[in-house]
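Chemist: return a 3D structure for these sequence lines:
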Amino acid sequence: MKRKIVSALACLLAVGVFAGCGKETSRYLKDISVSKYVKFEEEYKGLEISVAARREITEEEVNSLALNAYGNACGITDRAVENGDTINLDYTGTENGVAFSGGTAQGATLEIGSGRFIDGFEEGLVGVMPGETVELPLTFPENYNPEMAGKDVVFTVTVNYIFATDVSQMTDENVAIITEGEYTTVESFLGFCREYLELRADYEYDTAKENAILSALEGIVTLKKEAPESLIEKYSEPIRSSLETEAAQLGADIEIVCQYYYQTDSATYIAQAAARNAKQGMFLQYIANEEGLNVSDEELEESLKQFVEENNIESVETLLAEADKEEFREYFMYNKVVEFMLENARITEY
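Modeler: Below you'll find the model as predicted:
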């Protein structure tokens, strides 16, 4: 009997239910007595939210996306550059045969006639065929920066291609090339571009509704006491990791990033963000408990399979090799609760 009691106590300690005289130690919301922490000051069902109407996709947007993708991949190469064209080019500027600072670029974009470059540069490219390289002997103006003012230089310029400005300039052959055969006609490629934009508009609209319902819930929830340290630690880890990644990309450290973007130190920012996330997680878990929206083991397995298929992941095993299965349970629970809340909300559009 004594062994059974010890075993039972060990199980309770493992899930954080009996540990430390009631102290919550689990990292998982389902194991935390969230009703001890969150309190809704008002009824959470039937909330009123207001969001911008789902935007309509125009033909101009479809054409612009298609032309941008088309131009970045191939563009027009069968005629010479004309005034008003936008071209892709490489150039190197030299003074007495030596490249000077700021005078070299690869894959630059330039509208001929825009006046962005010094006199003679853009004019010198009119009549040049894509793929052709020309040398332009030019002189910097006297009122240019002191280092180059009045100096004679030579720009060696290669025109890569001319950007298409109308879908009528696109060809089935080039569409097949840039999409690696997935689309073989301009019409089918335009259809793909519209589908992409429609899906993005759906996503933006859905995200706006989700943010609105979460904000509305945030406004009617209070905390009876601070979130468990286990949750704060859990939510702190990805926030710190994200800051470190952002800082590395900027060649800085997280203190500089936090001071510049958030006007505070990293410890304060992480603590505040983790507390917000913990509060949100707990009130969503509270609703899941109240409304029977928790994710069962069977539902979790099915949701993982669907997630893998939708995101073109090799297998569930591959997904979970570097991810926590229980975190996915919470992710799917969040989605169920938000969907439930939106179904029961009063939504107005503007």
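Chemist: after the strand or helix carrying Thr207, which helix or strand is next? Please name it.
Modeler: Secondary structure from DSSP states H and E places Thr207 in helix 186-220. Toward the C-terminal end, the helix or strand that comes next after helix 186-220 (DSSP H and E) is strand 221-223.
Chemist: just to revisit the earlier point, packing partners of the helix holding Thr207?
Modeler: strand 48-51, helix 59-73, helix 172-178, helix 266-291, helix 325-343 (3 or more CB pairs under 8 Å, 6 or more residues apart in numbering; DSSP states H and E). Where C-beta positions appear, they are placed from N, C-alpha and C, glycine not excepted.
Chemist: just put those in CSV and tack on distance to Glu198, mean neighbour count and mean pLDDT.
Modeler: Formatted as CSV, the helices and strands packed on helix 186-220 follow (distance: least, CB to CB, whole Å; neighbours: other CB atoms under 10 Å; pLDDT from 0 to 100):
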stretch, distance to Glu198, mean neighbour count, mean pLDDT
strand 48-51, 18, 15, 97
helix 59-73, 9, 17, 88
helix 172-178, 20, 16, 89
helix 266-291, 29, 19, 97
helix 325-343, 20, 18, 96
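Chemist: relative to helix 59-73, how tilted is the helix holding Thr207?
Modeler: With axes from the mean of the first three to the mean of the last three CA atoms, to 10 degrees applied, the angle from helix 186-220 to helix 59-73 works out at 110 degrees.
Chemist: distance to Lys36 added to the helices and strands packed on helix 186-220, as CSV?
Modeler: Formatted as CSV, the helices and strands packed on helix 186-220 follow (distance: least, CB to CB, whole Å):
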stretch, distance to Lys36
strand 48-51, 28
helix 59-73, 50
helix 172-178, 58
helix 266-291, 10
helix 325-343, 18
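Chemist: roughly how far does the residue nearest to Cys74 when sequence neighbours are not counted sit from Glu326?
Modeler: Leaving out its chain neighbours, the residue that sits closest to Cys74 by CB to CB, 6 or more residues apart in numbering is Asn174, at 4.9 Å. For Asn174, the distance to Glu326 equals 48 Å [CB to CB, to the nearest Å].
Chemist: report the buried residues of the helix holding Thr207.
Modeler: 186, 189-190, 192-194, 197, 205, 208-210, 212-214, 216-217 (16 or more other CB atoms under 10 Å).
Chemist: nearest to Val128 among those?
Modeler: Nearest to Val128 out of the buried residues of helix 186-220 is Val186 (CB to CB; 26.6 Å).
Chemist: report the contact partners of the closest residue to that closest one other than its chain neighbours.
Modeler: Distances taken as CB to CB, 6+ apart place Met170 nearest to Val186, at 4.8 Å, with adjacent residues excluded. Residues in contact with Met170 (CB atoms under 8 Å, 6 or more residues apart in numbering) are 66-67, 70, 164, 186, 189.
Chemist: which two from these end up farthest apart in space?
Modeler: Ala164 and Phe189 (12.1 Å).
Chemist: what sits in contact with each of these two?
Modeler: Residues within reach of Ala164 and of Phe189 at once, by CB under 8 Å, 6+ apart, are 70, 170.
Chemist: what lies in contact with stretch 213-233?
Modeler: 16, 23-27, 29, 32, 36-42, 44, 47-49, 271, 274-275, 278-284, 338, 341-342, 345.
Chemist: equivalent analysis for stretch 103-115, please.
Modeler: 81-94, 116-117, 122, 125-126, 153, 155, 160, 163.
Chemist: any idea whether Thr158 is helix, strand or coil?
Modeler: Three-state call for Thr158 (DSSP: H, G, I helix; E, B strand; the rest coil): strand.
Chemist: coming back round to it: wait, the residue nearest to Cys74 touches Asn72, no?
Modeler: No. The criterion here is CB atoms under 8 Å, and Asn174 misses it with Asn72 at 11.9 Å.
Chemist: mind checking the SS state of Thr184?
Modeler: Following three-state DSSP, the label given to Thr184 is coil.
Chemist: for it, which non-adjacent residue is closest in space?
Modeler: Ala176 (4.7 Å).
Chemist: so the one you found touches Val186, yeah?
Modeler: No. Applying CB under 8 Å as the test, Ala176 and Val186 come out as separate, 10.0 Å apart.
Chemist: which regions of this protein lie under the pLDDT threshold?
Modeler: 1-23 (pLDDT under 70).
Chemist: report the buried residues of the strand ranked longest in it.
Modeler: Taking DSSP state E as the criterion, the chain has its longest strand at strand 98-111. Buried residues in strand 98-111, defined by neighbour count with 16+ other CB under 10 Å: 100, 110.
Chemist: C-terminal to it, what's the next element?
Modeler: Criterion used, DSSP H and E; the element after strand 98-111 is strand 133-139.
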